[in-house]
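Novice: fold the following for me, if possible:
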Amino acid sequence: MTSLPQLPAELWLQVFSFLSWKDKLSMRCTCSHFRHLLDKSRPLWRGFCVVLRHFSRYNRRFWRSLAQRHVGSVMVCSGKSKHLWQLSASLPALRALRLDDWREGGLDKLKLFQQLQRLSITSCSTPLKTLDFLFPLSNQLTQLSLCQVQLTCLSSQLLDAVGQLTRLTSLLLHHDGSLWVPTPGSILTHRPDLTHLSWTMITYKTLSRDFFCPAHLSAGGGAVQLSELQLLDYDAAVTQEVLQPLSRLQSLSIFHLYSVPGPVCHLTTWLTSLPELRSLSVHGGHPLAAYVDFLPRSLHSLTLCVELHPDDLQVASLRAPCLEHLHLEPWSSSSDLVRLLPQLFPHLRTLHIRHQHVSDDDFLSLQLLRRLDTLEVLDSYHRPEPTDPSRVVFEPSPRLLRLTSNLQRLTNHRVRVVTSSHSDTLACHCV
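Specialist: This next block holds a predicted model:
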């Protein structure tokens with residue numbers, strides 16, 4: 001082992017570039033030579049996010065290592081104002097920050113981060129009495145997320161604060177109904193250049209005509225700039241007139257409030273009103289059969305966490321013949337679906353499926369997807385002891401490891417198989 005560091009540094013850096021974040025951190029602990037190489041190579045840590053919980057445990061060496069790696073994304077758990085000051089001293093160029101379970105009402109220290117572009121505040125039990133902390137960030141924030149945050153300020157103050165964020169393109173507002181904002185149209189009135197909006201529905205009746213319409217479009221018609229829309233707890237009726245301002249929408253995600261659908265499938269109105277839709281994600285609600293005939297031909301990405309059957313996929317393949325990205329989590333078993341995919345969706349590049357109850361032959365038939373480059377297995381856990389079903393091991397089973405190895409061999413390692421999902425640390429867990 002003592003001879004390994006004699007290899008050229010460029011070669012080691014090339015090897016390190018193939019490692020996961022966890023493996024890179026493990027390599028740092030093996031010897032001072034590897035720690036020096038890793039810490040001095042900024043490209044190796046691009047996109048890395050560190051989670052900070054117990055600030056009293058971090059010494060100067062720890063903060064210096066973060067600074068050397070130019071860490072640009074941080075999640076702070078159960079933090080206070082003094083922690084923001086400490087963080088800014090080591091990482092003043094921080095670009096993305098999530099504050100989870102914030103323990104103080106004030107966030108004035110955020111002004112210390114003069115390059116902050118992405119701010120997320122989640123699960124904040126301490127009420128925020130004001131949003132004045134956003135004003136010093138008005139010319140730099142591009143993404144703002146407020147998820148399960150108690151705001152005691154007026155809705156007009158929230159709208160004014162959002163309106164001051166001149167570079168904002170993405171806004172997430174998730175709440176339990178305590179945060180009252182009239183409509184997405186009121187947000188779009190103050191920030192007409194938003195391209196991404198994630199919104200918790202608090203009305204379950206027919207949506208008003210101006211629900212998605214900002215003030216500057218209410219008279220002459222037209223469409224908003226919004227290209228991506230996520231709606232949580234959805235169970236509202238709509239008309240094509242209500243959806244007219246969203247005619248340019250390219251991505252729609254619907255998270256239904258109820259798993260048991262109502263008498264009317266409102267999704268059909270959405271699909272007939274969005275001619276440029278390229279990505280659709282549906283969670284819960286009616287079975288696919290209720291709206292599959294309305295899928296637009298423009299779809300390139302489809303996520304289905306609903307009840308569906310093989311016949312429904314057959315229709316979906318005819319409605320969306322150019323589909324490249326498919327995520328299947330049917331409420332029932334996937335055993336009858338996987339074998340159909342190479343024939344129905346030959347252009348797939350990414351695929352997300354469950355493998356439990358799928359036969360070996362059906363799983364390996366995915367090699368016939370000639371354009372597939374990424375396969376993610378969503379249920380990479382197993383029960384090692386049939387006599388004890390309560391014991392679950394959250395790692396790939398020997399069978400899954402064998403299947404993925406065989407699939408990669410059959411595709412000459414063209415397909416990258418992912419068996420452990422890595423969610424965005426800075427994102428909330430609502431979606």
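Novice: tell me the domain ranges of this protein?
Specialist: 1-46, 348-421 (automatic domain parsing).
Novice: and Leu116, what does it touch?
Specialist: Leu94, Arg95, Ala96, Leu97, Leu110, Leu137, Gln140, Leu141 (CB atoms under 8 Å, 6 or more residues apart in numbering). C-betas here are computed from N, CA, C, even on glycine.
Novice: for Phe113, same thing?
Specialist: Ser88, Pro92, Leu94, Leu97, Leu137 are the contacts of Phe113 under CB under 8 Å, 6+ apart.
Novice: for the stretch 201-350 of the chain, what are the low-confidence residue spans?
Specialist: 218-221, 259-260 (pLDDT under 70).
Novice: now do the helices in it.
Specialist: For the stretch 201-350 of the chain, the helices defined by DSSP state H, counting those that start in this stretch occupy 240-243, 267-273, 310-319, 341-344.
Novice: for the residue nearest to Phe16 when sequence neighbours are not counted, give its distance to Val71.
Specialist: The spatially closest residue to Phe16, leaving aside those adjacent along the chain, is Leu44, at 5.7 Å (CB to CB, 6 or more residues apart in numbering). Distance of Leu44 to Val71, computed by CB to CB, to the nearest Å: 12 Å.
Novice: what touches both of the two?
Specialist: By CB under 8 Å, 6+ apart, Leu44 and Val71 have no common neighbours.
Novice: sorry, back to before: closest to Lys205 out of the contacts of Phe113?
Specialist: Minimum distance to Lys205 across the contacts of Phe113 is 36.0 Å, recorded for Leu137 (CB to CB).
Novice: who does the longest helix that the chain contains touch, helix- and strand-wise?
Specialist: In the chain, with assignment by DSSP state H, the single longest helix is helix 398-410. On a contact count with 3 or more CB pairs under 8 Å, 6 or more residues apart in numbering; DSSP states H and E, helix 398-410 meets helix 360-364, strand 374-377, strand 416-418.
Novice: in a markdown table, list the ones you listed along with mean pLDDT, distance to Gln117 and mean neighbour count.
Specialist: As requested, the helices and strands packed on helix 398-410 are exported to a markdown table (pLDDT from 0 to 100; distance: least, CB to CB, whole Å; neighbours: other CB atoms under 10 Å):
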| stretch | mean pLDDT | distance to Gln117 | mean neighbour count |
| --- | --- | --- | --- |
| helix 360-364 | 95 | 41 | 15 |
| strand 374-377 | 94 | 27 | 19 |
| strand 416-418 | 90 | 28 | 16 |
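Novice: which stretch among these comes nearest Arg35?
Specialist: strand 416-418 (28.1 Å).
Novice: that closest one pairs with which strands?
Specialist: Strand pairing for strand 416-418, determined by DSSP bridges: strand 374-377 (parallel).
Novice: quick check: closest non-adjacent residue to Leu323.
Specialist: Phe345 (5.2 Å).
Novice: residues contacting that neighbour?
Specialist: Ser317, Leu323, Leu326, Leu369.
Novice: and with 10 Å instead?
Specialist: 302, 313, 316-317, 320-326, 351, 369, 371-372 (CB atoms under 10 Å, 6 or more residues apart in numbering).
Novice: also Asp235?
Specialist: Asp235 makes contact with Met201, Thr203, Tyr204, Lys205, His256, Leu257, Tyr258, Pro261, Gly262, His266, Gly284, Gly285 under the criterion CB under 10 Å, 6+ apart.
Novice: let's go with 6 Å and repeat that
Specialist: Applying CB atoms under 6 Å, 6 or more residues apart in numbering, we find Asp235 in contact with Tyr204, Leu257.
Novice: just to revisit the earlier point, in CSV: the helices of the stretch 201-350 of the chain, plus distance to Tyr58 and mean neighbour count.
Specialist: Below are the helices of the stretch 201-350 of the chain laid out as CSV (distance: least, CB to CB, whole Å; neighbours: other CB atoms under 10 Å):
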stretch, distance to Tyr58, mean neighbour count
helix 240-243, 50, 15
helix 267-273, 48, 19
helix 310-319, 51, 16
helix 341-344, 48, 18
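Novice: make JSON lines from those helices and add distance to Gln114 to it.
Specialist: Converted to JSON lines, the helices of the stretch 201-350 of the chain look like this (distance: least, CB to CB, whole Å):
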{"stretch": "helix 240-243", "distance to Gln114": "40"}
{"stretch": "helix 267-273", "distance to Gln114": "41"}
{"stretch": "helix 310-319", "distance to Gln114": "48"}
{"stretch": "helix 341-344", "distance to Gln114": "49"}
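Novice: closest one to Asp379 out of the contacts of Phe113, please.
Specialist: Nearest to Asp379 among the contacts of Phe113, with distances taken as CB to CB, is Leu97, at 32.7 Å.
Novice: strand partners of the helix or strand containing the closest one, parallel vs antiparallel please.
Specialist: In the assignment (DSSP states H and E), Leu97 maps to strand 96-100. Partners of strand 96-100 in the sheet, by DSSP bridges, are strand 73-77 (parallel), strand 118-128 (parallel).
Novice: those: lowest mean pLDDT?
Specialist: Here the lowest mean pLDDT among the strands paired with strand 96-100 goes to strand 118-128, at a mean of 89.
Novice: now it - C-alpha only, PDB.
Specialist: What follows is strand 118-128, C-alpha atoms only, in PDB (Å, rounded to 0.1, in the frame of the first residue of the first chain):
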ATOM      1  CA  ARG A 118     -30.600  28.900  -3.600                       C
ATOM      2  CA  LEU A 119     -32.300  29.100  -0.300                       C
ATOM      3  CA  SER A 120     -34.500  26.500   1.300                       C
ATOM      4  CA  ILE A 121     -36.200  26.700   4.700                       C
ATOM      5  CA  THR A 122     -38.000  23.500   5.800                       C
ATOM      6  CA  SER A 123     -39.900  22.100   8.800                       C
ATOM      7  CA  CYS A 124     -39.400  25.300  10.700                       C
ATOM      8  CA  SER A 125     -41.400  25.100  14.000                       C
ATOM      9  CA  THR A 126     -40.300  28.500  15.200                       C
ATOM     10  CA  PRO A 127     -42.600  31.200  13.600                       C
ATOM     11  CA  LEU A 128     -41.000  33.600  11.200                       C
END
